[in-house]
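> whatever this is, show me its structure:
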Amino acid sequence: MQFEGLLLTGSPSDTFADFYRDHIRHSAGARLAADQLKAAYEGWADKQDLATSSPRVIRSFMEANGHRHSKSSTVFYRDAVLGDFAGQPVPARSMPVTDGRKVREAVSVTLDDLDQIITELQGMRARMARIKATLTLKGAR
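Numbers count the residues shown, from 1 in each chain. Next up is the predicted model:
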């Protein structure tokens with residue numbers, strides 16, 4: 001699925017994007033320990049019997065989503081908070097991106113909202129195709 005051109009899930013072998021969508025939110029000034037993130041992610045993947053992404057993929061993904069990797073006495077990610085957000089609206093700022101672009105709007109959207117939008121767009125496309133076919137037939141006379 002896509003929203004504003006941004007990928008909502010990673011590749012089929014990259015389960016971290018799904019974990020991120022349901023368990024991580026942007027929170028200015030917060031710090032999330034890399035060890036805590038890793039433990040939560042691995043526990044989530046074990047419960048669902050899924051393979052985990054490599055630490056390099058996780059770091060790249062977190063940084064692409066605006067969570068800079070820092071190190072003091074421990075390694076952590078900035079502006080990230082861990083929780084159980086499954087089924088809750090996903091603020092656009094917290095949507096996973098894989099191409100390095102950031103979402104600047106503070107918009108909340110659920111997957112059901114996206115499904116409705118897609119259905120409406122498909123209906124519009126079908127109507128446009130019918131109009132095009134009508135115009136083509138009239139032009140052929």
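> could you give the mean pLDDT of the longest helix along the chain?
The longest helix of the chain (DSSP state H) is helix 111-140. Throughout helix 111-140, pLDDT has a mean value of 85.
> what ranges in this protein fall below the confidence cut-off?
Under the criterion pLDDT under 70, the flagged ranges of the chain are 1-14, 89-109, 140-141.
> do that again at 80, thanks
Counting by pLDDT under 80, the chain has low-confidence residues at 1-14, 86-114, 137-141.
> so where do the strands sit in it?
Counting by DSSP state E, residue ranges of the strands within the chain are 2-3, 6-7, 24-33, 69-71, 75-82, 90-91, 108-109.
> now these in a markdown table, with mean neighbour count and distance to Glu120?
C-betas here are computed from N, CA, C, even on glycine. Compiled in a markdown table, these are given as follows (neighbours: other Cβ atoms under 10 Å; distance: least, Cβ to Cβ, whole Å):
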| stretch | mean neighbour count | distance to Glu120 |
| --- | --- | --- |
| strand 2-3 | 14 | 14 |
| strand 6-7 | 16 | 19 |
| strand 24-33 | 16 | 28 |
| strand 69-71 | 11 | 39 |
| strand 75-82 | 19 | 33 |
| strand 90-91 | 19 | 19 |
| strand 108-109 | 14 | 14 |
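> identify the bridge partners of the residue lying closest to Arg59 once chain neighbours are set aside.
In space, not counting the residues next to it along the chain, Arg59 is nearest to His69; the distance is 5.6 Å by Cβ to Cβ, 6 or more residues apart in numbering. For His69, the beta-bridge partners under DSSP bridges are Tyr77.
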